[in-house]
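Chemist: just to be clear, the model below is a prediction. Sequence and coordinates:
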Amino acid sequence: MSGPNTDYDPVEVSALDPAAIEAASEDALAAIAAATSLDQLKAVRISHQGERSPLALANREIGALPPSAKAEAGKRVGRARAGVAAAIAARQTELEAERDERILVEERVDVTVPATRRTPGARHPIELVTQRLADAFVGMGWEVAEGPELEAEWLNFDALNLGPDHPARQMQDTFFLDPVDSGLVLRTHTSPVQVRTMLEQEPPIYIVAPGKVFRTDDLDATHTPVFHQIECLAIDKGLTMAHLRGAIDAFVRIMFGEEIRTRVRCSYFPFTEPSMETDFVCFACHGAGAGDAGGQCRVCGGSGWIELGGSGMVNHKVLRACGIDPDVHSGFAFGLGIERALMLRHGVQGMHEMVEGDIRFSQQFGMEV
Ligand code: DAH
């Protein structure tokens with residue numbers, strides 16, 4: 001049995017007055033009901049349920065009561081505190097539900113709204129086809145060579161046996177650089193890369209040289225002042241026109257398919273002797289020359305053949321200009337326009353589509369041609 005309570009403090013004990021407990025409880029319940037947000041409820045919890053709250057302080061005073069009053073006060077305070085705790089828990093649940101509801105509305109995501117996705121780019125088909133051709137030749141052991149677009153007139157013309165009076169040197173074909181006697185032109189073909197390579201490397205030489213070329217043509221359905229060519233050059237001992245045909249056939253197979261046949265016709269280029277023009281059998285009419293509707297084939301114009309490009313055995317004058325002895329080495333070269341090949345292969349209607357840079361044009365070709 002504990003002895004009489006000597007610490008009896010009437011001031012503190014007055015907090016245990018039933019009316020005061022009731023008032024503290026009502027205050028707490030009113031504040032809980034008035035809390036309209038979880039933050040407010042948190043503040044209410046601290047002031048009405050925390051360590052310094054009236055009911056917690058009253059609870060602490062119970063120990064100081066005489067034993068006869070303890071049970072009664074303990075029950076009263078306990079009930080009040082339990083009531084407050086239950087009210088806080090209930091309000092907490094309510095406010096959380098309200099918050100969740102609000103978030104569902106406020107942060108609603110409409111999954112049916114069309115996404116603003118950035119469309120992926122696409123490489124231009126000219127680039128794709130160039131890569132494809134270069135890759136195929138690299139696979140056969142050839143190398144890719146490059147030359148500048150701003151070229152020395154001598155390399156673009158003279159070294160290729162295009163003398164000063166050659167019509168290709170006239171102003172209407174060539175972009176000359178100011179002053180006209182600067183000796184510089186925008187290269188009119190990729191053939192000067194042949195000369196550069198022969199001047200720099202000892203035979204054997206096997207190169208492909210793709211790149212931009214420039215001519216003073218207006219842009220129309222079949223012309224553009226800036227276009228692309230790919231040039232091939234082989235210099236070795238004992239090369240003949242049979243090797244040239246083999247290389248061209250490999251080229252055509254890569255570009256137009258396995259079973260495409262070729263033919264050659266005599267032609268003339270100052271930098272090759274003999275020179276020839278290569279045709280391949282039309283892939284649309286297979287050489288028949290007839291179109292679907294009974295008329296002429298639209299792709300080849302009815303001839304059954306499509307012109308591919310020029311070629312020939314490298315002219316001895318060119319070999320000599322590049323320091324190669326024609327009695328020891330021989331070589332062949334060919335060159336063709338990429339745009340033309342692309343128009344044929346994919347039925348591209350006109351040059352405009354190819355130069356305008358509209359991404360939708362490139363996207364049709366995907367990442368492979
Ligand atoms: N350079 C010529 C042109 O632009 C094309 C050409 C013809 C290239 C014959 C060659 C060749 O290498 O042997 O029209």
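Modeler: Yes, it's here. What you are looking at is a predicted structure, and each value in this text was computed from that prediction instead of being measured.
Chemist: just the helices in the stretch 1-150 of the chain please.
Modeler: For the stretch 1-150 of the chain, the helices defined by DSSP state H, counting those that start in this stretch occupy 10-13, 18-34, 38-49, 54-61, 67-106, 125-139.
Chemist: who does the third one touch, helix- and strand-wise?
Modeler: With contacts taken as 3 or more Cβ pairs under 8 Å, 6 or more residues apart in numbering; DSSP states H and E, helix 38-49 sits against helix 18-34, helix 54-61, helix 67-106. Using the backbone N, CA and C atoms, a C-beta is placed for each residue, glycine as well.
Chemist: can you do 6 Å?
Modeler: Where contact means 3 or more Cβ pairs under 6 Å, 6 or more residues apart in numbering; DSSP states H and E, helix 38-49 is packed against helix 18-34, helix 67-106.
Chemist: now the fourth one
Modeler: Counting contacts by 3+ Cβ pairs under 6 Å, 6+ apart, the secondary-structure elements packed against helix 54-61 are helix 67-106.
Chemist: so the helix it packs on versus helix 38-49, what angle?
Modeler: Angle, helix 67-106 to helix 38-49, by axes from the mean of the first three to the mean of the last three Cα atoms, to 10 degrees: 180 degrees.
Chemist: buried residues in helix 67-106, which are they?
Modeler: Neighbour-count burial for helix 67-106, counted by 16 or more other Cβ atoms under 10 Å, picks out 73, 76-77, 80-81, 83-84, 87-88, 91-92, 95.
Chemist: again with stretch 143-156
Modeler: For stretch 143-156, burial by neighbour count (16+ other Cβ under 10 Å) applies to 145, 147, 151-153, 155-156.
Chemist: residues contacting the residue in the stretch 151-300 of the chain positioned nearest to the ligand?
Modeler: Residue nearest to the ligand within the stretch 151-300 of the chain: H189 (3.3 Å; Cβ to the nearest ligand atom). Contacts for H189 (Cβ atoms under 6 Å, 6 or more residues apart in numbering) come out as 213, 229.
Chemist: repeat that with 7 Å
Modeler: 213, 229, 335 (Cβ atoms under 7 Å, 6 or more residues apart in numbering).
Chemist: report the buried members of those residues.
Modeler: 213, 229, 335.
Chemist: can you redo the residues you listed as a markdown table with distance to I21 and pLDDT?
Modeler: Converted to a markdown table, those look like this (distance: Cβ to Cβ, whole Å; pLDDT from 0 to 100):
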| residue | distance to I21 | pLDDT |
| --- | --- | --- |
| V213 | 100 | 96 |
| Q229 | 101 | 95 |
| G335 | 105 | 94 |
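Chemist: would you check which of these are in contact with the ligand?
Modeler: G335 (Cβ under 6 Å from any ligand atom).
Chemist: and the most centrally placed residue in the chain, what's its pLDDT?
Modeler: Nearest to the mean C-alpha position of the chain, by Cα atoms, centre = their mean, lies G121 at 4.6 Å. pLDDT recorded at G121 is 78.
Chemist: now the strands for the stretch 101-250 of the chain?
Modeler: In the stretch 101-250 of the chain, the strands defined using DSSP state E, counting those that start in this stretch lie at 143-144, 150-152, 184-186, 205-214, 226-236.
Chemist: hmm, back to that, in JSON lines: the helices of the stretch 1-150 of the chain, plus distance to P179 and mean pLDDT.
Modeler: Below are the helices of the stretch 1-150 of the chain laid out as JSON lines (distance: least, Cβ to Cβ, whole Å; pLDDT from 0 to 100):
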{"stretch": "helix 10-13", "distance to P179": "110", "mean pLDDT": "47"}
{"stretch": "helix 18-34", "distance to P179": "91", "mean pLDDT": "92"}
{"stretch": "helix 38-49", "distance to P179": "81", "mean pLDDT": "93"}
{"stretch": "helix 54-61", "distance to P179": "99", "mean pLDDT": "89"}
{"stretch": "helix 67-106", "distance to P179": "72", "mean pLDDT": "92"}
{"stretch": "helix 125-139", "distance to P179": "33", "mean pLDDT": "89"}
